[in-house]
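Engineer: okay, sequence plus prediction incoming.
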Amino acid sequence: MSDHPRHSAASHGLDAARSSPHGTPASSGIAADLPEPAGTGSSASRRADRRPLMRHRPTLAPHIPGAERLTRIVVNLAGAAVAALFAQASLRFYLHTHRLIGGLFVIEQTWFAVMFLLRRPAEAVSRRPGSWLLAFGGTFGGLLLRPGGAHPPWGVEAGLVLQLAGLLIAIASLLALGRSFGFVAADRGLKTRGPYAVVRHPIYASYLLIQSGYVLQSLSLRNALVFAFASACNAGRALAEERLLARSPAYRAYQKQVRWRLIPHLW
């Protein structure tokens, strides 16, 4: 989903069977990471002897209230349904294993499902095809991870720590984000508290931890490539969101205050 939406442990599928050999479900990466500020618009000037001067804004959805409302309802219901499926799979995993990480996945995915239904309408949404492709890749790319490969004891233990840390960061970020939650780059109001005071896209940072933990638990070339693909998509999502949100002076000030996108002192 978009983290500011900023808007999870390894990637888990629609059934409890898709988990690591060590019983760690994988994350769907549904949320988007945007601390979204309200946009600042500009009105077109008119001249007496010329047609109205219109500013072309290809990245923003046109103002078609009926179509926008219908699209928003469909996307929200579809997102809530997908998140509910992941929550159900996580619940089955937790009831089978009674492991803490399974319970955290239940909380995370249930929150996604609820917030899709309650989230705040966006002031502006990107219509760039690339932004949507990055959102899909970042959200669902982690589902391609598989429990095959090598399972070294050090990798199993380190992977579990990374996944637990990622889940805790994701949950804290979702709580800070509240109804400013989305899938693709959009403007739903600026959030700067909690994890957003440390990095600008903490939900995407949590995906890095969760999915890298899965890869350590199930070492294989396939998983390494999937992780690289999903991470690249989420990095692209972060850049796409910032390109949209940087129109706001409030967001530009936030960028100066919080310098790092995903990893403190690195990027």
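Structural biologist: Looks like it arrived, so ask away.

Engineer: mind listing the helices for the stretch 51-200 of the chain?
Structural biologist: 65-97, 100-118, 129-140, 153-177 (DSSP state H, counting those that start in this stretch).

Engineer: ok and the shortest one relative to helix 65-97, angle-wise?
Structural biologist: Read that as helix 129-140. Relative orientation of helix 129-140 and helix 65-97, computed by axes from the mean of the first three to the mean of the last three Cα atoms, to 10 degrees: 20 degrees.

Engineer: what do you get for the last one?
Structural biologist: Here helix 153-177 runs at 140 degrees with respect to helix 65-97, directions being taken by the same axes, to 10 degrees.

Engineer: thinking again about what came up before, dump the helices of the stretch 51-200 of the chain to a markdown table, plus mean pLDDT.
Structural biologist: Written out in a markdown table, the entries for the helices of the stretch 51-200 of the chain read as follows (pLDDT from 0 to 100):
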| stretch | mean pLDDT |
| --- | --- |
| helix 65-97 | 78 |
| helix 100-118 | 79 |
| helix 129-140 | 84 |
| helix 153-177 | 92 |
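
Engineer: dump these to CSV, plus mean neighbour count and distance to Gly236.
Structural biologist: From N, CA and C alone the C-beta is placed, and that goes for glycine too. Listed next are those as CSV, based on neighbours: other Cβ atoms under 10 Å; distance: least, Cβ to Cβ, whole Å:
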stretch, mean neighbour count, distance to Gly236
helix 65-97, 16, 20
helix 100-118, 21, 21
helix 129-140, 19, 4
helix 153-177, 20, 19
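
Engineer: so for Leu208, which of the ones you listed sits nearest?
Structural biologist: Nearest to Leu208, of all the helices of the stretch 51-200 of the chain, is helix 153-177, at 7.4 Å by Cβ to Cβ.

Engineer: which other helices and strands contact that closest one?
Structural biologist: The contact analysis (3 or more Cβ pairs under 8 Å, 6 or more residues apart in numbering; DSSP states H and E) places helix 153-177 against helix 100-118, helix 202-217.

Engineer: could I get the helices of the stretch 51-200 of the chain as JSON lines with distance to Val198?
Structural biologist: Converted to JSON lines, the helices of the stretch 51-200 of the chain look like this (distance: least, Cβ to Cβ, whole Å):
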{"stretch": "helix 65-97", "distance to Val198": "25"}
{"stretch": "helix 100-118", "distance to Val198": "19"}
{"stretch": "helix 129-140", "distance to Val198": "20"}
{"stretch": "helix 153-177", "distance to Val198": "9"}
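
Engineer: Gly148 touches Ser218, doesn't it?
Structural biologist: Yes: look at Gly148 against Ser218 with Cβ atoms under 8 Å: they come within range, at 6.3 Å.

Engineer: same drill for these two, tell me which one is more crowded.
Structural biologist: Ser218 (26 against 13; other Cβ atoms under 10 Å).

Engineer: for Arg237, identify the helix or strand it belongs to.
Structural biologist: helix 221-245 (DSSP states H and E).

Engineer: which strands or helices does that helix pack on?
Structural biologist: If you count contacts as 3+ Cβ pairs under 8 Å, 6+ apart, helix 221-245 packs onto helix 129-140, strand 186-187, helix 202-217, helix 249-257.

Engineer: got those as JSON lines, with distance to Gly66 columns?
Structural biologist: Output for those, formatted as JSON lines (distance: least, Cβ to Cβ, whole Å):
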{"stretch": "helix 129-140", "distance to Gly66": "21"}
{"stretch": "strand 186-187", "distance to Gly66": "19"}
{"stretch": "helix 202-217", "distance to Gly66": "31"}
{"stretch": "helix 249-257", "distance to Gly66": "29"}
